[in-house]
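K.L.:
here are the coordinates; sequence isn't available:
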């Protein structure tokens with residue numbers, strides 16, 4: 001056992017998010033720039049942990065990011081069974097997962113598009129951008 005401050009920024013951020021999830025039991029949690037401080041090589045386990053905790057505490061997560069790797073790893077976690085010892089099949093989260101993309105139109109209005117898991121898969125295969133733009 002070591003003090004939490006001896007771990008990196010990513011581990012500390014995950015710990016804070018998990019505490020917030022526990023506090024928000026049965027409610028919603030909004031997390032701005034969820035990827036900040038998380039190394040891309042840890043995104044899959046990061047997302048898996050967040051999704052499992054959110055399910056356990058019945059918390060709906062709203063998270064923002066501009067990081068394409070964060071979005072791609074989110075989709076990857078949803079597409080296959082867990083690689084962790086728990087053996088939990090992450091595909092059960094597919095029906096609940098959404099990506100909301102905001103785009104500024106020429107008239108300066110903002111258009112929101114909601115993408116379900118099926119569209120996430122299509123976007124990957126068609127090399128489509130899911131992050132919006134112009135904001």
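P.N.:
Cool, the structure landed. Computed from a prediction, not measured in an experiment: that's the story for all the values here. Numbering: from 1, shown residues only.
K.L.:
three-state assignment of the residue in the chain sticking out farthest from the centre?
P.N.:
Computed with Cα atoms, centre = their mean, the maximum C-alpha offset from the centroid of the chain is found at residue 107, amounting to 30.4 Å. Using DSSP: H, G, I helix; E, B strand; the rest coil as the criterion, the local structure at residue 107 reads coil.
K.L.:
Next one: it from residue 29, what distance?
P.N.:
Residue 107 sits 33 Å away from residue 29, going by Cβ to Cβ, to the nearest Å. In this view, the C-beta of every residue, glycine as well, is placed from N, C-alpha and C.
K.L.:
give me the low-pLDDT residue ranges for this protein?
P.N.:
Within the chain, the set of residues satisfying pLDDT under 70 comprises 81-88, 132-135.
K.L.:
show me where it has strands.
P.N.:
For the chain, the strands defined by DSSP state E cover 28-31, 60-63, 98-104, 110-116.
K.L.:
Looking at those, which is nearest to residue 14?
P.N.:
Taking Cβ to Cβ as the criterion, strand 28-31 is the member of the strands of the chain that comes nearest to residue 14, at 11.2 Å.
K.L.:
Given that closest one, what are its sheet partners and their directions?
P.N.:
Each strand pairing with strand 28-31, determined using DSSP bridges, is listed with its direction: strand 60-63 (parallel).
K.L.:
can you list contacts of the partner strand?
P.N.:
21, 27, 28, 29, 30, 31, 32, 34, 50, 51, 54 (Cβ atoms under 8 Å, 6 or more residues apart in numbering).
K.L.:
Please spell out which residues along stretch 5-25 are buried.
P.N.:
Buried residues in stretch 5-25, defined by neighbour count with 16 or more other Cβ atoms under 10 Å: 10, 13, 14, 17, 18, 20, 21, 24.
K.L.:
That should have said stretch 97-117, apologies.
P.N.:
Judged by neighbour count (16+ other Cβ under 10 Å), stretch 97-117 contains these buried residues: 97, 99, 101, 115, 117.
K.L.:
In TSV, list those residues along with distance to residue 2.
P.N.:
Compiled in TSV, the buried residues of stretch 97-117 are given as follows (distance: Cβ to Cβ, whole Å):
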residue	distance to residue 2
97	34
99	36
101	40
115	40
117	38
